[in-house]
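Engineer: With the sequence up front, the predicted model follows.
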Amino acid sequence: MDQSSREARPAVEVTLRRFDLSDVDAMMAWASDPQVAAVCRWDAYESTEPLLAFIRDVVLPHPWFRAICLSGGDSESRPIGAVSVTPTGDPCRAELGYVLARAHWGKGVATAAVKRTVATVFGEVEGLERLEALVDVANPASQRVLEKAGFSREAVLRKYGFVKGTVKDMVMFSFIDTDPLVE
C-alpha cells in the first residue's frame, strides 16, 4: 500500500475509571479469550465466578487499576480492557500493565490508554518518578504501544521472567516524570 492510499486514522479517545463488580460480564468478554490471555501472566477465565473473585479481591483494593473504556457512544462505560500501575519495593517506581480486548487491537486504543495513564498517574501516586513496563521480546505489538506512548526502550533482560512455565527474555521500557508527554 502506498502512502497516497493510506487514510489517516482519527485519534482514539478513551476514558479510564475504577472497576466495579458489575463489570464482570464485560471483563469476561476479553478475559476469557485465549488469544488475549496468551500474552498475559494469567490463563483465560472459563467462568465468571473466579473472575468476580479476582475483581473483588485484587482489582478493587488495588491502588491504581483502571477500566479502559471508549469515549462516546453506547459503550462509553463498558470496559474493553484494563490498565494498572503497581507499586514496587521502591516508592519512586511502579510497574505498568495493560490488557485489551482483541476486537480493539491495532486501533490505537492501548496507546491512548497508556498515554492517558502517564498523563495522570504521576500526579496521583505520591513519590512516583519512574513508570516501568516489562514486555516479552516476542510481543512486538505491545512494544510498539509503549514506544508510541513515549516510553524509552532501555534493555533486553535475558531470561528475566517465568511466564506460564517458560523462562522469557523481557524488554524493559520506562517513562520518568520529567519525560515529555506524547500528544
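Structural biologist: Happy to help now that I have it. Residues are numbered from 1 along each chain as shown.

Engineer: which residues sit against the lowest-mean-pLDDT helix or strand in the chain?
Structural biologist: Within the chain, no helix or strand scores below helix 34-37, which has a mean of 91 by mean pLDDT, DSSP states H and E. By C-beta atoms under 8 Å, 6 or more residues apart in numbering, the surrounding residues in contact with helix 34-37 are 30-31, 43-45, 99-102. To be clear about C-beta, it is placed using only N, CA and C from the backbone, and glycine gets the same treatment.

Engineer: ok, then the element right after that helix?
Structural biologist: As assigned by DSSP states H and E, the chain's next helix or strand after helix 34-37 is helix 48-54.

Engineer: which secondary structure elements does that following helix contact?
Structural biologist: helix 24-31 (3 or more C-beta pairs under 8 Å, 6 or more residues apart in numbering; DSSP states H and E).

Engineer: contacting residues around the helix it packs on?
Structural biologist: By C-beta under 8 Å, 6+ apart, the residues outside helix 24-31 that reach it are 19, 36-37, 42, 44-45, 48, 51-52, 55, 78-82, 99-102.

Engineer: buried subset of those residues?
Structural biologist: Neighbour-count burial within the contacts of helix 24-31 applies to 19, 36-37, 45, 51-52, 55, 79-82, 99-101; the criterion is 16 or more other C-beta atoms under 10 Å.

Engineer: Next, count neighbours for residue 124.
Structural biologist: As a burial measure, residue 124 scores 11 neighbours (other C-beta atoms under 10 Å).

Engineer: mind listing the strands for the chain?
Structural biologist: For the chain, the strands defined by DSSP state E cover 14-18, 65-70, 81-87, 93-100, 130-136, 152-163, 166-176.

Engineer: For those strands, give me JSON lines that also has distance to residue 144 and mean pLDDT.
Structural biologist: Shown next, in JSON lines, are those (distance: least, C-beta to C-beta, whole Å; pLDDT from 0 to 100):
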{"stretch": "strand 14-18", "distance to residue 144": "17", "mean pLDDT": "95"}
{"stretch": "strand 65-70", "distance to residue 144": "17", "mean pLDDT": "96"}
{"stretch": "strand 81-87", "distance to residue 144": "16", "mean pLDDT": "96"}
{"stretch": "strand 93-100", "distance to residue 144": "13", "mean pLDDT": "97"}
{"stretch": "strand 130-136", "distance to residue 144": "10", "mean pLDDT": "97"}
{"stretch": "strand 152-163", "distance to residue 144": "11", "mean pLDDT": "94"}
{"stretch": "strand 166-176", "distance to residue 144": "11", "mean pLDDT": "96"}
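
Engineer: Deepest-packed of the ones you listed, please.
Structural biologist: strand 65-70 (a mean of 22; mean count of other C-beta atoms under 10 Å).

Engineer: No further questions, thank you.
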